[in-house]
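Colleague: Got a sequence here, can you build the structure:
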Amino acid sequence: MTQYLDFEKPLAEIEGKAEELRALARSSEGMDVSAEAQALDKKAHQMLDDLYKSLTPWRKCQVARHPDRPHCKDYIEALFTDYTPLAGDRNFADDLAVMGGLARFNDVPVVVIGHEKGNDTKSRIERNFGMARPEGYRKAVRLMDLAGKFGLPVITLVDTPGAYPGKGAEERGQSEAIARATEKCLQIGVPLVSVIIGEGGSGGAVAFATANRVAMLEHSVYSVISPEGCASILWKDSEKMREAAEALRLTAQDLKQLGVNDRIIPEPRGGAHRDPASAIQSVGKAIAGMLKDLNGKDGKALIADRRSKFMDLGAKGLAA
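Modeller: So this is what the prediction gives:
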């Protein structure tokens, strides 16, 4: 069953009526309502196009967080073969909010790392809703070290509200772990490409996305803080998240202008959650394109490319 966002309520009514007509026709022999149902479908398609043609930044946040949006696990299962997960940071525990391991992408050996939110209540709790603890970032560092040792490209899939801010995480060095992961991204002499597939929240996202090439799905978001958190700080009112989302310039389109991301990956009509297979295929093509861009560069050139990319951030200014 489709889960509708609050701004999609008019669309839900039309699609619901179309489905009611079809259900009525199935239960009553001889009743032909195909013309009426098709008219409603046409109206729904047009409304969907209109809604998604000009999404506000806050609505893009809602789409990026949609529970049916494909997650890291879905991308790994669809795009990678011979995936062998590696667990734990060899120090404290295994963080299920971060998944990663060895795999093949287009038959090329790679290391893939990503945030996993889960897709039902049980898995979301197990995965801590994609909010990694220090051991998750230390696991990522271990995997990147492995990639550097064996000359394997690294692909990261970012989808997190942010690093977990709990007491235990702070006690175990959350900020240090994030900094080490970010540092490691800058140090490895192999191609590193990243895709923001949903939410890119704060340092928890930067720790995986300090890459040679960064792509964002069309309706994904990437920001130093969530709109609700920003609104709570600036206005002492989390309900001002719409204004905060506008000010943060967190959309893929704004960030492309500012030079933060390198490419925008188109999503299916109505967002990735309406056609996950198509969205996943588009991400696969983007990853292949980004890796091709880096093909032939040696380790020193890759490190220099990555460092210059991030040193230049902000050079275009807010008027970009």
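
Colleague: When you work out contacts or count neighbours from here on, use the C-alpha atoms and nothing else.
Modeller: Will do.

Colleague: can you pull out the strands in the stretch 151-300 of the chain?
Modeller: 154-160, 192-201, 213-217, 221-223, 263-265 (DSSP state E, counting those that start in this stretch).

Colleague: Output these as CSV; include the columns mean pLDDT.
Modeller: Shown next, in CSV, are the strands of the stretch 151-300 of the chain (pLDDT from 0 to 100):
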stretch, mean pLDDT
strand 154-160, 97
strand 192-201, 96
strand 213-217, 97
strand 221-223, 95
strand 263-265, 96
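
Colleague: average pLDDT for stretch 162-181?
Modeller: Averaging pLDDT along stretch 162-181 gives 94.

Colleague: Please identify the helix or strand for residue 74.
Modeller: Element membership for residue 74 (DSSP states H and E) is helix 72-79.

Colleague: try residue 110
Modeller: Here residue 110 sits within strand 108-115, counting by DSSP H and E.

Colleague: what about residue 100, distance to residue 129?
Modeller: 16 Å (C-alpha to C-alpha, to the nearest Å).

Colleague: Would you mind listing where the stretch 201-320 of the chain has pLDDT under the threshold?
Modeller: 316-320 (pLDDT under 70).

Colleague: So which residues of it form helices?
Modeller: For the stretch 201-320 of the chain, the helices defined by DSSP state H, counting those that start in this stretch occupy 202-209, 227-234, 241-248, 252-258, 276-294, 299-311.

Colleague: which of the ones you listed sits most buried?
Modeller: With neighbours taken as mean count of other C-alpha atoms under 10 Å, the helices of the stretch 201-320 of the chain reach their highest mean count in helix 202-209, at a mean of 25.

Colleague: Need the strands of the stretch 151-300 of the chain in a markdown table (columns: distance to residue 106 and mean neighbour count).
Modeller: Below are the strands of the stretch 151-300 of the chain laid out as a markdown table (distance: least, C-alpha to C-alpha, whole Å; neighbours: other C-alpha atoms under 10 Å):
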| stretch | distance to residue 106 | mean neighbour count |
| --- | --- | --- |
| strand 154-160 | 13 | 28 |
| strand 192-201 | 15 | 28 |
| strand 213-217 | 18 | 26 |
| strand 221-223 | 27 | 28 |
| strand 263-265 | 19 | 20 |
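
Colleague: Please name whichever of those is nearest to residue 283.
Modeller: Evaluated with C-alpha to C-alpha, the strands of the stretch 151-300 of the chain place strand 263-265 nearest to residue 283, the distance being 6.8 Å.

Colleague: Show residues contacting the closest one.
Modeller: Contact with strand 263-265 is made by 214-218, 252-253, 256, 282-283, 286, as judged by C-alpha atoms under 8 Å, 6 or more residues apart in numbering.

Colleague: mind putting those in JSON lines, distance to residue 27 included?
Modeller: What follows is the contacts of strand 263-265, written out as JSON lines (distance: C-alpha to C-alpha, whole Å):
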{"residue": "214", "distance to residue 27": "51"}
{"residue": "215", "distance to residue 27": "48"}
{"residue": "216", "distance to residue 27": "45"}
{"residue": "217", "distance to residue 27": "41"}
{"residue": "218", "distance to residue 27": "41"}
{"residue": "252", "distance to residue 27": "46"}
{"residue": "253", "distance to residue 27": "47"}
{"residue": "256", "distance to residue 27": "51"}
{"residue": "282", "distance to residue 27": "39"}
{"residue": "283", "distance to residue 27": "41"}
{"residue": "286", "distance to residue 27": "46"}
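
Colleague: which one of these is nearest residue 150?
Modeller: Nearest to residue 150 among the contacts of strand 263-265: residue 214, at 22.7 Å, using C-alpha to C-alpha.

Colleague: Enumerate the beta-bridge partners assigned to that closest one.
Modeller: residue 194 (DSSP bridges).

Colleague: so what's it up against?
Modeller: Residue 214 makes contact with 193-196, 260-263 under the criterion C-alpha under 8 Å, 6+ apart.
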